[in-house]
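*Asks:* Pasted the sequence and its predicted model underneath.
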Amino acid sequence: MSAVPQQTVTVNPLIALDKISVRIDDRDILKNVDFALHEREIVTLIGPNGAGKSTLIKVLLGIVKANSGKIHSHKKLKFSYVPQKFNPSHSLPLRVQDLLALEHCDADIKAEIIRDTGITRLQDCKVQQLSGGERQRVLLARALLRLPDVLVLDEPMQGLDIQSEAELYEYVRSLPIKYGCAVLMVSHDLQWVMQGTHRVVCLNKHICCSGLPENVQQHPEYQAIFGTNRVFYQHHHDHCAHGDSATPCQHDPRPHIHPEPEA
Ligand SMILES: Nc1ncnc2c1ncn2[C@@H]1O[C@H](COP(=O)(O)OP(=O)(O)OP(=O)(O)O)[C@@H](O)[C@H]1O
């Protein structure tokens with residue numbers, strides 16, 4: 001069983017891609033891709049480098065136009081996207097609090113998101129000067145402040161240390177219930193992501209297979225790409241991951257990411 005409580009999947013998906021194909025410079029990037037994301041669902045997109053994962057996300061976000069196929073959605077959706085790379089211009093110095101102020105959100109929720117993503121003490125820092133891990137936290141906070149219907153995370157663990165990575169997964173897992181969003185995540189980190197996801201979709205220009213993590217790893221196309229030794233790691237948290245301690249966090253039992261230690 002997946003380690004995440006299964007959601008009741010509604011009949012109507014929030015958004016569905018129907019036979020989407022994308023060609024760039026006469027190369028097939030996506031071929032006949034059917035994909036659906038349901039309310040409050042956590043879906044992880046996996047696949048080898050160049051499989052078209054970022055392109056699929058960009059089609060969903062409307063950044064890339066498909067050459068053929070249809071996108072269905074029964075309401076106008078609010079998306080938040082945390083990209084793989086974000087390099088803010090040095091010619092436009094921006095403090096973290098200025099970046100966060102661009103999203104309008106209830107003050108209590110904003111305070112909660114800032115606290116839970118561990119960025120309270122970064123408010124006066126310039127975005128350009130943040131470490132990779134700090135930047136990821138700030139981008140996640142900013143994405144959440146939009147209170148999106150769909151939160152899209154493209155390899156969000158980049159730059160995070162192992163401790164923060166575990167906390168971030170735990171935190172992401174709590175988001176659909178806390179803020180009512182669906183989460184679509186791209187990740188190469190099979191061990192950690194699979195135990196936090198409702199459904200896995202394996203892409204290699206076309207959808208190779210999809211379903212529960214434990215079923216997908218038995219699929220021949222999955223095994224052809226990733227081999228048979230990549231068994232998903234099942235980890236059960238009843239504690240937050242800070243301090244290398246397995247004892248429950250005394251000060252705050254809610255999923256949250258701890259701030260990076262001060263230098
Ligand atoms: N704007 C573009 N122009 C030309 N080729 C592109 C463009 N965008 C993507 N591609 C090509 O499409 C293919 C899929 O790229 P994409 O970034 O979607 O893959 P990915 O699965 O996200 O890869 P990775 O895991 O390495 O991030 C790649 O071969 C890439 O070079």
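*Replies:* Nice, I can see it.
*Asks:* now the helices for the stretch 151-263 of the chain?
*Replies:* Taking DSSP state H, counting those that start in this stretch as the test, the helices found in the stretch 151-263 of the chain are 162-179, 190-194, 213-216, 220-226.
*Asks:* Can you give me every residue that contacts residue 51?
*Replies:* Neighbouring residues of residue 51 by C-beta atoms under 8 Å, 6 or more residues apart in numbering: 203, 204, 205. To be clear about C-beta, it is placed using only N, CA and C from the backbone, and glycine gets the same treatment.
*Asks:* The second one reaches residue 49, doesn't it?
*Replies:* Put plainly, it is residue 204. No. Residue 204 lies out of contact with residue 49 (C-beta atoms under 8 Å); the separation is 10.4 Å.
*Asks:* who has more neighbours, these two?
*Replies:* For residue 204 versus residue 49, neighbours defined as other C-beta atoms under 10 Å are more numerous around residue 204 (19 against 6).
*Asks:* hmm, back to that, can I get the helices of the stretch 151-263 of the chain in JSON lines with mean neighbour count?
*Replies:* Output for the helices of the stretch 151-263 of the chain, formatted as JSON lines (neighbours: other C-beta atoms under 10 Å):
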{"stretch": "helix 162-179", "mean neighbour count": "20"}
{"stretch": "helix 190-194", "mean neighbour count": "20"}
{"stretch": "helix 213-216", "mean neighbour count": "19"}
{"stretch": "helix 220-226", "mean neighbour count": "15"}
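*Asks:* Of all the ones you listed, which one comes closest to the ligand?
*Replies:* With C-beta to the nearest ligand atom as the criterion, the ligand lies closest to helix 220-226 of the helices of the stretch 151-263 of the chain, at 11.6 Å.
*Asks:* Briefly note if that closest one comes near the ligand.
*Replies:* No. Using C-beta under 6 Å from any ligand atom, helix 220-226 stays clear of the ligand, coming no nearer than 11.6 Å.
*Asks:* which other helices and strands contact that helix?
*Replies:* strand 199-204, strand 206-211 (3 or more C-beta pairs under 8 Å, 6 or more residues apart in numbering; DSSP states H and E).
*Asks:* Alright, that wraps it up for me.
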